[in-house]
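Student: Could you work out the structure for the sequence below:
(one chain, ligands or ions: 1)
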Amino acid sequence: MSNNSSRISGFHKLSVSERVQRVLQYAGLPAGELEPLFLNTGNLPAALADQLIENVVGTMNIPLGVATNLLIDGRDYLVPMATEESSVVAAVCNAARQCYDSGGFITSMSGTQMIAQVQLVGVPDPANARLAILEHIDDIRRLCDACDPVLVKLGGGFRDLEVRLIEAASGTMVVTHLIVDTRDAMGANAVNTMAETLAPHIESWAGGRVRLRILSNLADRRLARARCVWPVDAIGGADVRDGMIQAYEFAQMDPYRAATHNKGIMNGVTAVVLATGNDTRAIEAGAHAYAARRGWYSSLTHWEVTREGHLAGSIEIPMAVGLVGGATRLHPMAGACLKIMRIESAEQLARVIAAVGLAQNFAALKVLATEGVQKGHMSLHSQNIALMAGAQGDEIARVAHRLVELGTVRIDVAERELRALRAGG
Ligand code: NAD
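Tutor: This next block holds a predicted model:
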């Protein structure tokens, strides 16, 4: 095997600094220059990072901003957002400012229930098997609740049962849904344990063979909802409003547009999910699956004109976030972000995130329906380009300003302008 084979036996057993040395050696990079970059783990201690995931060699810092102006259910919030993308935080602040005086956002939640799926295959009489499973609801409740007495004590636990028949190429599958209230936990581990515990019982009641036992990220019993009315005068008049409605209708009808429309919503949603140590992929998978629930991929938000002519927006989005479990309790920064928001329950957090998603969508629709994204985006983006060109200190703002002035935010232009600046031009 060559020296730079990726087959490194026992890599996971090395310490963080030993792993860094091995990786730099592998890549033929000088240790002196890069080692400190890897070993500076910022606000996540290396020992903790090493417990959270495998084969840790460092951490990846992402800027944390705070969205202001958010009035949600009559309470003011400062909302921490972790994102590498410029304009995201500013967009939420702008959108929230334009509805602050008219009352801000109203939110609600459908519940904190998760679904675990148990897949049963090879059942000769699926309709019969379905009823046999449903008949055991009391046994299932007892078995599930016994898996997590802590959750039950906190008011959570098994709530309901559904059994679905799914026609597949290999035959009819009997799929049991365990519906479990996971309270302030996202609940993946809790419901997965229940599904695994139940599997042999389901086989004995219904025949066939259990294959998968895992939660569904389509958390449609955990929907966070937010709505808001933006006064037509506060947003620039009826033409802006109508342009925004048409932009929304475009997303509603066309998946090419809906993908970008919803990506914009997730800019805000994912940033708060990440800042609070929650599972960004779980939320994203749930949101996109929910957006396709009608059989075609569509907008997560809804926009319309009120009787008075104002712009009303609403969002409904699965939001399986927790305050316990995963990195939420472990990452010191996640804890600090929850404290800044004065969050007391997973439901409250989910509702705030829905409001942020709606605000983000408002900002995107407004800018798209009026000046287009590039103008605002480019003035922030120009700073990144200036940095990439090597600008330092006050050179960054000066080069960025020059790029915007020239109307050409490009790396080659930034390099030229930086050279000119340094040459005293
Ligand atoms: P967990 O099991 O670490 O914590 C939840 C448990 O904490 C509960 O079951 C309960 O026993 C206890 N608890 C204490 N106080 C509680 C309270 N106030 N409310 C509710 N429970 C309380 O975490 P989890 O939430 O079950 O799992 C989350 C983790 O699972 C995340 O890291 C996620 O990334 C990961 N995960 C996700 C998937 C997926 O999304 N498909 C699959 C597997 C694992």
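
Student: Identify the residue spatially nearest to residue 388, adjacent ones excluded.
Tutor: Of all residues not flanking residue 388 in the chain, residue 411 sits nearest, at 5.8 Å (Cβ to Cβ, 6 or more residues apart in numbering). C-beta here means a position set from N, CA and C on the backbone, and glycine is covered the same way.

Student: Residue 306 too?
Tutor: residue 312 (5.1 Å).

Student: Is that neighbour in a helix, a strand, or coil?
Tutor: The three-state assignment at residue 312 reads strand, by DSSP: H, G, I helix; E, B strand; the rest coil.

Student: Residue 114 too?
Tutor: Per three-state DSSP, residue 114 ends up strand.

Student: For it, give me the pLDDT.
Tutor: For residue 114, the model assigns a pLDDT of 98.

Student: Can you tell me the number of residues neighbouring it?
Tutor: 28 (other Cβ atoms under 10 Å).

Student: all strands of the stretch 301-425 of the chain, in order?
Tutor: Using DSSP state E, counting those that start in this stretch, the strands of the stretch 301-425 of the chain run over 301-305, 311-318.

Student: for the stretch 101-250 of the chain, that is, sorry about that
Tutor: Going by DSSP E, counting those that start in this stretch, the stretch 101-250 of the chain shows strands at 106-109, 113-121, 157-168, 171-181, 209-216, 223-230.

Student: Of all these, which one is nearest the ligand?
Tutor: strand 209-216 (5.5 Å; Cβ to the nearest ligand atom).

Student: can you give me the offset of that closest one from its chain's centre?
Tutor: 24 Å (Cα atoms, centre = their mean, to the nearest Å).

Student: Please identify the buried residues of it?
Tutor: 210, 213, 215-216 (16 or more other Cβ atoms under 10 Å).

Student: Which residues are in contact with the residue nearest the centre of the chain?
Tutor: For the chain, the residue sitting closest to the mean C-alpha position, by Cα atoms, centre = their mean, is residue 270 at 3.1 Å. Contact analysis of residue 270 by Cβ atoms under 8 Å, 6 or more residues apart in numbering lists 83, 280, 283-284.

Student: what's the answer for residue 346, then?
Tutor: Per Cβ under 8 Å, 6+ apart, neighbours of residue 346: 112, 183-186, 321-323.

Student: average model confidence for the lengthiest helix in the chain?
Tutor: Determined from DSSP state H, the single longest helix within the chain is helix 346-369. Here helix 346-369 scores 97 as its mean pLDDT.

Student: same deal with stretch 51-64?
Tutor: So the average pLDDT for stretch 51-64 ends up being 97.

Student: start to end distance for it?
Tutor: End-to-end span of stretch 51-64 (Cα to Cα, to the nearest Å): 23 Å.

Student: Pull out the buried residues from it.
Tutor: For stretch 51-64, using 16+ other Cβ under 10 Å, the buried residues are 56-59, 64.

Student: near the ligand, anything from it?
Tutor: No: Stretch 51-64 lies apart from the ligand when judged by Cβ under 6 Å from any ligand atom; the minimum separation is 8.9 Å.

Student: quick one, what contacts residue 226?
Tutor: 72, 105-107, 314-315, 351, 354-355, 357-358.

Student: Look up how far residue 165 lies from it.
Tutor: 35 Å (Cβ to Cβ, to the nearest Å).

Student: Residue 48 too?
Tutor: In terms of Cβ to Cβ, residue 48 sits 45 Å off from residue 165.

Student: quick one: low-confidence parts of the protein?
Tutor: Applying pLDDT under 70 to the chain picks out residues 1-3, 374-376, 425.

Student: so what are the domain limits for it?
Tutor: 1-61, 64-110+224-370, 113-216, 375-422 (automatic domain parsing).

Student: which one of those domains is the most hemmed in?
Tutor: Counting by mean count of other Cβ atoms under 10 Å, domain 64-110+224-370 has the highest mean neighbour count of these, with a mean of 20.

Student: So what would you say the end-to-end distance of it is?
Tutor: 29 Å.

Student: again with stretch 163-176
Tutor: Start to finish, the residues bounding stretch 163-176 are 4 Å apart (Cα to Cα).

Student: Contacts made by that stretch with the rest, please.
Tutor: 117-123, 126-127, 129-130, 133-134, 161-162, 177, 198, 202, 206, 208.

Student: could you redo the last one with a cut-off of 10 Å?
Tutor: 116-134, 136, 140, 161-162, 177, 195, 198-199, 202, 206-208, 210-213, 216 (Cβ atoms under 10 Å, 6 or more residues apart in numbering).

Student: Around the ligand, pick out the residues from the stretch 101-250 of the chain.
Tutor: Applying Cβ under 6 Å from any ligand atom, we find that the stretch 101-250 of the chain lies next to the ligand at 148, 150-151, 154, 156, 182-190, 215, 217.

Student: hmm, try it at 5 Å
Tutor: 148, 150-151, 154, 183-190 (Cβ under 5 Å from any ligand atom).

Student: Farthest pair within the residues you listed?
Tutor: Using Cβ to Cβ, the pair of those lying farthest apart is 154 and 188, separated by 16.7 Å.

Student: Which residues are in contact with residue 398?
Tutor: Neighbours of residue 398 in contact, by Cβ under 10 Å, 6+ apart: 386, 391, 417-418, 421.

Student: Please identify which pair of the contacts of residue 346 lies farthest apart.
Tutor: Of all pairs in the contacts of residue 346, the most separated under Cβ to Cβ is 183 and 321 at 12.0 Å.

Student: Mutual contacts of those two, please.
Tutor: With Cβ under 10 Å, 6+ apart as the test, residue 183 and residue 321 both reach 112, 346-347.

Student: Let me know the closest of the residues you listed to the ligand.
Tutor: Among those, and counting by Cβ to the nearest ligand atom, the member closest to the ligand is residue 346, at 7.3 Å.

Student: And for that closest one, nearest residue in space, chain neighbours not counted?
Tutor: residue 184 (4.3 Å).

Student: mind listing what residue 325 touches?
Tutor: Contacts of residue 325 (Cβ under 10 Å, 6+ apart): 182, 184-190, 277-279, 346.

Student: again, only using 7 Å
Tutor: Contacts for residue 325 were tallied using Cβ atoms under 7 Å, 6 or more residues apart in numbering; they are 185-186, 189.
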